[in-house]
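Colleague: Structural data only, the sequence is not supplied:
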């Protein structure tokens, strides 16, 4: 989920909670306000009657107030608190229930305790009235929430605009770019700190990458000459008059040196693939595979391995030709190395996938480990354990999926386009 949407959801939930509490308070207040208003008026009436009694007016003179009853209770000094009561009664004339509200006061006037009781009838709001109020609240609620969503989207998009620009710059960043990586200044302190940290990390990453690239290139260049010289010396020694033991040892040395040379070449290739820029040029993969199979046809026959092909013509996919040749070469060499006597290799290609099957023993480790570097069958000493790692890396460059299975005595490698 995008950050701006999380902000909006947070705003909506907060607004929903606040508005719900606010509307609940308003609803209760609207429902209770007529009662509270009536109680206030009755209190004022009791206060007025009390002031008239204090001025010397008699109870008889104050009987003109139809909604007030006045009683003398004696000279008892016991103070009685005000009493407020509500009583629902049925009214035959109105054909409805009314709320009879009474406010009773007990003032002392000239050492005389009085009881002043004022009353009023209140017709309570019916369900239709309350439903109308609720609908007003509901539509107001929906309008405010919609407004919150719109405003939060606008505000969040404006506040987060520098963040998204930074994210876009990081996403399009290429460590091989020669231009200086620079992020724009913002008015937000936290974004400026983030941009400064990213600029520092990118600068360090570029420096480390250039140092590593230079070391790799120098090492690759410097190793080629001594390896070639040592191989030439061993070949010359093997042509001299040596006994069987000496020839055997030189042969082992020569094979190990070849293995070091292949390993050196494979590691250099993996390093280059880390920063390889892919092309979107369609390639006739059918032609590449047929040419590769033709070049190793003699080797397959010499190993006495049966080859079956089902290659559809003119299968075009986005692929660099050199990488395609390396990928298929590693796959077919893997099928040869891990095959068995009187075995077989099956190669099939269509517009959706490339499948290579070969007979052989079941690997002694989990299938997902097959594409790790230096993961190989210990019985196969000629393998350097990087071939399938290179295949996986090339496939990842083009977002193709490579999968391995072992079914009914056959290794099955599938490259899905």
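Modeller: Nice, thanks for sending it over. Note that the structure is predicted; figures quoted are calculated from it, not measured. Residues are numbered from 1 along each chain as shown.
Colleague: Check the spacing between residue 244 and residue 250 real quick.
Modeller: Distance of residue 244 to residue 250, computed by CB to CB, to the nearest Å: 11 Å. From N, CA and C alone the C-beta is placed, and that goes for glycine too.
Colleague: Who has more neighbours out of those two?
Modeller: For residue 244 versus residue 250, neighbours defined as other CB atoms under 10 Å are more numerous around residue 250 (17 against 7).
Colleague: Need phi/psi at that one.
Modeller: Dihedral angles phi and psi of residue 250 (degrees, to the nearest 10) take the values phi -60, psi -40.
Colleague: For the stretch 201-350 of the chain, just list every one of the helices.
Modeller: Per DSSP state H, counting those that start in this stretch, the stretch 201-350 of the chain has helices spanning 244-273, 285-295, 297-302, 321-337. These are given in chain order.
Colleague: what sits up against the third one?
Modeller: This points to helix 297-302. Residues from elsewhere that reach helix 297-302, judged by CB atoms under 8 Å, 6 or more residues apart in numbering: 307, 336, 345.
Colleague: Tabulate the residues you listed (TSV), appending pLDDT, neighbour count and distance to residue 405.
Modeller: Formatted as TSV, these follow (pLDDT from 0 to 100; neighbours: other CB atoms under 10 Å; distance: CB to CB, whole Å):
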residue	pLDDT	neighbour count	distance to residue 405
307	89	16	20
336	86	17	19
345	90	22	16
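Colleague: And the helix or strand containing residue 87, what does it pack against?
Modeller: In this assignment (DSSP states H and E), residue 87 forms part of strand 83-91. With contacts taken as 3 or more CB pairs under 8 Å, 6 or more residues apart in numbering; DSSP states H and E, strand 83-91 sits against strand 96-105.
Colleague: what pairs with the strand it packs on, and is each one parallel or antiparallel?
Modeller: Note on strand 96-105: by DSSP bridges, its sheet partners are strand 83-91 (antiparallel), strand 112-123 (antiparallel).
Colleague: Buried deepest among the ones you listed, which one?
Modeller: strand 112-123 (a mean of 17; mean count of other CB atoms under 10 Å).
Colleague: what about that strand, distance to the chain center?
Modeller: Relative to the mean C-alpha coordinate of its chain, strand 112-123 is positioned 68 Å out (CA atoms, centre = their mean, to the nearest Å).
Colleague: and what of stretch 248-262?
Modeller: How far stretch 248-262 lies from its chain's middle: 51 Å, per CA atoms, centre = their mean.
Colleague: Need the contact partners of that stretch.
Modeller: 227, 230-231, 234-235, 237-238, 242, 382, 384.
Colleague: For the residues you listed, give me a markdown table that also has neighbour count, distance to residue 358 and pLDDT.
Modeller: Written out in a markdown table, the entries for those read as follows (neighbours: other CB atoms under 10 Å; distance: CB to CB, whole Å; pLDDT from 0 to 100):
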| residue | neighbour count | distance to residue 358 | pLDDT |
| --- | --- | --- | --- |
| 227 | 15 | 31 | 75 |
| 230 | 15 | 34 | 80 |
| 231 | 16 | 31 | 78 |
| 234 | 15 | 33 | 81 |
| 235 | 11 | 33 | 80 |
| 237 | 14 | 37 | 80 |
| 238 | 14 | 33 | 78 |
| 242 | 13 | 38 | 78 |
| 382 | 10 | 16 | 49 |
| 384 | 18 | 19 | 45 |
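Colleague: Make TSV out of the strands paired with strand 96-105 and add distance to residue 397.
Modeller: Listed next are the strands paired with strand 96-105 as TSV, based on distance: least, CB to CB, whole Å:
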stretch	distance to residue 397
strand 83-91	81
strand 112-123	81
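Colleague: Relative to residue 100, which of those is closest?
Modeller: strand 83-91 (4.6 Å; CB to CB).
Colleague: now that closest one, how far from the chain's geometric center?
Modeller: Distance of strand 83-91 from the chain centroid (CA atoms, centre = their mean) equals 61 Å.
Colleague: next one: stretch 85-100
Modeller: Between the centre of stretch 85-100 and the centre of its chain there are 62 Å (CA atoms, centre = their mean).
Colleague: Which residues belonging to the one helix or strand residue 151 maps to are considered buried?
Modeller: Residue 151 is part of helix 127-159 when elements are defined by DSSP H and E. By neighbour count on 16 or more other CB atoms under 10 Å, the buried set for helix 127-159 is 133, 137, 141, 144, 148, 152, 156.
Colleague: pLDDT (mean, whole number) over the next helix or strand after that helix?
Modeller: Note on helix 127-159: by DSSP H and E, the next helix or strand toward the C-terminus is helix 161-171. Computed over helix 161-171, the mean pLDDT rounds to 84.
Colleague: between helix 161-171 and helix 127-159, how many degrees?
Modeller: 50 degrees (axes from the mean of the first three to the mean of the last three CA atoms, to 10 degrees).
Colleague: Just the buried residues of helix 161-171, please?
Modeller: Buried, per 16+ other CB under 10 Å, within helix 161-171: 162-163, 166, 169.
Colleague: quick one, longest helix in the protein?
Modeller: Using DSSP state H to assign secondary structure, the helix with the most residues in the chain is helix 3-54.
Colleague: what element comes up after it heading to the C-terminus?
Modeller: If you walk from helix 3-54 toward the C-terminus, the next helix or strand you reach (DSSP H and E) is strand 68-74.
Colleague: which regions of the stretch 1-150 of the chain lie under the pLDDT threshold?
Modeller: Counting by pLDDT under 70, the stretch 1-150 of the chain contains low-confidence residues at 75-79, 93-96, 124-130.
Colleague: show me what contacts residue 349?
Modeller: Taking CB under 8 Å, 6+ apart as the criterion, residue 349 is in contact with 285-286, 289, 310-312, 315, 355.
Colleague: Count the neighbours of the closest residue to it other than its chain neighbours for me.
Modeller: Taking CB to CB, 6 or more residues apart in numbering, and ignoring the residues beside it in sequence, residue 349 has residue 311 as its nearest neighbour in space, at 4.5 Å. Applying the criterion other CB under 10 Å, we find 16 residues in the vicinity of residue 311.
Colleague: Contacts only, for residue 311.
Modeller: Applying CB under 8 Å, 6+ apart to residue 311 gives the contacts 286, 289-290, 347-349.
Colleague: Could you identify the buried members of the residues you listed?
Modeller: Buried members of the contacts of residue 311, counted by 16+ other CB under 10 Å: 286, 289-290, 347, 349.
Colleague: Tell me the one of the residues you listed nearest residue 213?
Modeller: Relative to residue 213, and with distances defined as CB to CB, the nearest of these is residue 289, at 32.6 Å.
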